[in-house]
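here are the coordinates; sequence isn't available:
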């Protein structure tokens, strides 16, 4: 718990400011130490974080062969043109979006609901945390192995459960709709704990006085949740939502392992499209162009969210002066 | 638990791990992981994609090598069939840590060779071990040559063949005088009559083949019929569509003539095929010879396998592919390792009669003519198919398990199901091919 | 420990204050039932994998849902251990994760220290770069990453997996936030004693930053151990693979060696579950703090 408190940067803002303003021009030793201490990270960061981005931009203008050294011939914008005209790229894009559209609401709403339930329980919170979060620390291929076994027709646990309640189990691996069901269930089990933990932490930050006040006012548990907890979690929800959307758009492991993007590429996500063109067909330049198009879309989504949040925070911080100004 | 305690426990754990790491630090994958050198976990590192019966036969052949060369160790790894295998092979080679010997379908060879991923086999000294052009099925050796250089040693030819139900064929009067083979059929009409005769002999269908979600089988079927009357569907290393519209249309029409008359089902799954053919409800089966072990496992079931007769053209054509042995390129491989790789390849060829149990026709002529192979029936009946073999067209996107086969095969599935008229199917075939011919090739072949 | 109690108290607050009414009691009891039910469902896959791994394939196919039919044995485990190079996979994963943790903690704490406490030219630029890095979807960049690593001849080595993990800016943030919280007098006193910045970093700040080190170390370890796509591309030799990539070669719908595959899965998840059980509080808090930033 010590980490939770001490890692909050806003805890001691005043003191920091005094230190900084005391020395308007930093001494030489400061400058040298600062550069020396940050340089190992900075070098690796620039080389291996920013580097691939630049390499990607460059390669996307060439006909690079992924498995061969050298850039290959200059092809201008034609890789981008080909990517944008390829219906398979856009259907792969759609599969990633579809996955996001199905899983995000489930993962966010369920996590919120369970975190609220957990917050009302006195004992055994550790047990719930363990049960829900443990899958998150397990590698995707292990999760895929376990779920593939549970989905196995005739002998798997899940088809057996379907049989037991008198339903026909879908063909989890052989059909598109069954495949999506399989992937969504597995994802739900695997990553649900992450959002659960984020919400649990946020609920712990709600001051108890708020509930006391609500209880004194005679609010029922449901009303407390509806009118106190949920509205206070607005900011967390916005964060959980964007983290979830970004993570879901990057889906690869589950679909690749469980379905291989099949049947007949009908579930192939965009990362697997890049994998197929770039690594299986060695079309490095083309794959890089597809990467860049996808990259721009992801960055645009994060940027929109960031701007929206800044806007909303700004609006929330001065709610009072505005109407005044308007009336005057 | 306090932070301090947690940290102490973590350090203890880390210490334990470091100790166990230290004990095994001499294991070479660890050292090569740090230095990037090629791992040296065995004298011959061999990758293949065989499971099931083929996998078991391959293990026997590896054991035969170990027995013949007691001083040499072999580490064999089986990877997922199709794209996963080829992607891994390419990435490992690009990473500088390839296996010493790998299996490759000859249909996938052009891209591998043109991307510089393979060592010319003659540079590896296989010639000194007697592995030369004159000792192989010519079609296979020819396909192993890309741009004048030989990049692979063919192990087998595995054609698309005609399975027949022996009892039904006898009842239908299709057996020849010896009773071991089928009476010759001279053209498509005679073939259609044979299917009718099978149906009249009591089968539910004259013939069956797997179509549902099986584009590869459908592509093989199309390619075989079409190749009887026209050349490859793409030329110039895959950059030009060369479809003969009339030939393609009559191929599609022929397929539909069989399904429309009820001689063949319009769609059938792989397990459906299995059930119908093995229970005498279908007279013929169109499939690869690698299905032989499957049907041999059915007790009391008698069947024969023969090459397809000429269907639309004047001469019989066999759609086929070959497994071959390649030596992935590595700048770090020592001369000794390369020599071991060549020895291993030669040993697999010498033992390819074992391989033939899986249905494949050995490409190594001395095995093909050996008693060990000629005693194998029905394998010996379709050796001719290996000589009439037509492979996938040369291009960077064709070959076993490729998207190309899936895309074109999907159109053939629609044709067989009767969902699309032959003329429209030709247009669709052209648009399928256009996706590939207009894409910029990652390498120049030839 | 000091902050633990108040936080716990807060978490219980709603339940405690709502105890007044009968309805509230009933509601809370409903919560317990509902939550426990779901938590048990969440444990089913683990338990099912464990049970399957202890059975024989024959009895699994015959009576898939009667775990007690056919007797239990460890045969599947010895089979899995003999047939897959699990030992090598563990070793690779362990070395990679350990190296990643060491370098990440060292380099990122130094950078976090410099950014939090030192004035130096370009500090704002570095800070902006690091913030921007948080938004980069690195998983999407595997193709250009591969091209770059290929030209640097790093493919096929452990370093190809260690370096991207060190370059992740989130660890710098954790340290940055922590060092900013260190009381200024402590540092000023050390400065007056004539200590160099390196000394302050090494002997003053680092020793008291255990929580931050633990957070970064554990999260780096887990994410490095669990990485899939990048190791799949980079380490191709059978015995050079990591546990997740090695185990992924067993994912095959037509594989009917259920017990053997589940035994491998159990061996795949057990070490992580063990690490998780030991460090669960740190892990959960690490996720919460880094996620909520």
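Done, it's in. The shown structure was predicted, so the numbers you read here are calculated from the model rather than taken from an experiment.

which ones are touching the residue of chain B found nearest chain A?
Nearest to chain A, among the residues of chain B, is residue B:94, at 3.9 Å (CB to the nearest CB). The C-beta positions use only the backbone N, C-alpha and C, and glycine is treated the same way. For residue B:94, the contact set (CB atoms under 8 Å, 6 or more residues apart in numbering or on different chains) comprises A:66, A:67, A:68, B:117, C:150, C:155.

Next up, the contacts around the fourth one.
So that's residue B:117. Contacts of residue B:117 were listed using CB under 8 Å, 6+ apart, and they are A:67, B:89, B:90, B:93, B:94, B:98, B:328, B:329.

Which other helices and strands does the helix or strand hosting residue C:46 contact?
Following DSSP states H and E, one finds residue C:46 within helix C:22-53. In terms of contacts (3 or more CB pairs under 8 Å, 6 or more residues apart in numbering or on different chains; DSSP states H and E), helix C:22-53 is packed against helix A:87-119, helix A:125-133, helix A:140-151, helix A:176-204, helix A:221-224, helix C:258-292.

In space, what's closest to the residue most central in space within chain A - neighbours in sequence excluded?
The centre of chain A sits closest to residue A:247, judged by CA atoms, centre = their mean, with a distance of 2.7 Å. Leaving aside its sequence neighbours, residue A:247 sits nearest to residue A:191 (CB to CB, 6 or more residues apart in numbering or on different chains; 7.4 Å).

What count of nearby residues applies to that neighbour?
Residues near residue A:191, counting by other CB atoms under 10 Å in any protein chain shown, number 21.

Residue A:190 is in contact with residue A:107, correct?
No - judged on CB atoms under 8 Å, residue A:107 makes no contact with residue A:190 at a distance of 10.1 Å.

now the helix holding residue C:46: mean pLDDT?
Across helix C:22-53, pLDDT averages out at 88.

Only the buried residues of it, if you could.
Buried residues in helix C:22-53, counted by 16 or more other CB atoms under 10 Å in any protein chain shown: C:24, C:27-28, C:31-32, C:35-36, C:38-39, C:42-43, C:45-46, C:48-53.

Please list all residues in contact with the closest residue to residue C:108 other than its chain neighbours.
Distance criterion CB to CB, 6+ apart; nearest residue to residue C:108, sequence neighbours excluded, is residue C:171 at 3.8 Å. Contact analysis of residue C:171 by CB under 8 Å, 6+ apart lists C:104, C:105, C:108, C:112, C:216, C:219, C:220.

go again using 7 Å as the cut-off
Residues near residue C:171 by CB atoms under 7 Å, 6 or more residues apart in numbering or on different chains: C:104, C:108, C:216, C:220.

distance of it from residue C:223?
For residue C:171, the distance to residue C:223 equals 10 Å [CB to CB, to the nearest Å].

And residue A:131, by the same measure?
Distance of residue A:131 to residue C:223, computed by CB to CB: 21 Å.

So which of these two has more stuff around it?
Neighbour count, other CB under 10 Å: between residue A:131 and residue C:223, residue A:131 has more, with 21 against 16.

tell me the contacts of the more buried one?
Residue A:131 makes contacts with C:39, C:42, C:43, as judged by CB under 7 Å, 6+ apart.

how far away is the last one from residue A:135?
Distance, residue C:43 to residue A:135, by CB to CB: 9 Å.

any idea of the pLDDT on residue B:42?
For residue B:42, the pLDDT comes out at 90.

Pretty sure it sits against residue B:72.
No - counting by CB atoms under 7 Å, residue B:72 is not a contact partner of residue B:42; they are 8.4 Å apart.

Tell me where chain A is predicted with low confidence.
Across chain A, the ranges flagged by pLDDT under 70 are A:1-26, A:316-328.

just curious, which of the contacts of residue B:117 is nearest to residue B:220?
Lowest distance from residue B:220 to the contacts of residue B:117 (CB to CB) belongs to residue B:89, with 23.0 Å.

Just the element for the residue lying closest to the closest one once chain neighbours are set aside, please.
Closest residue to residue B:89 apart from its sequence neighbours, by CB to CB, 6+ apart: residue B:102 at 5.5 Å. Element membership of residue B:102 [criterion: DSSP H and E] is strand B:101-105.

what packs against whichever helix or strand comes after that strand?
Toward the C-terminal end, the helix or strand that comes next after strand B:101-105 (DSSP H and E) is helix B:109-114. Packing partners of helix B:109-114 (3 or more CB pairs under 7 Å, 6 or more residues apart in numbering or on different chains; DSSP states H and E): strand B:145-146.

Would you verify that residue B:341 is located in a helix?
Yes - assigned with DSSP: H, G, I helix; E, B strand; the rest coil, residue B:341 falls within a helix.

Against residue B:47, how distant is the residue nearest to it when sequence neighbours are not counted?
Nearest residue to residue B:341, sequence neighbours excluded (CB to CB, 6+ apart): residue B:100, at 4.3 Å. Distance, residue B:100 to residue B:47, by CB to CB: 9 Å.
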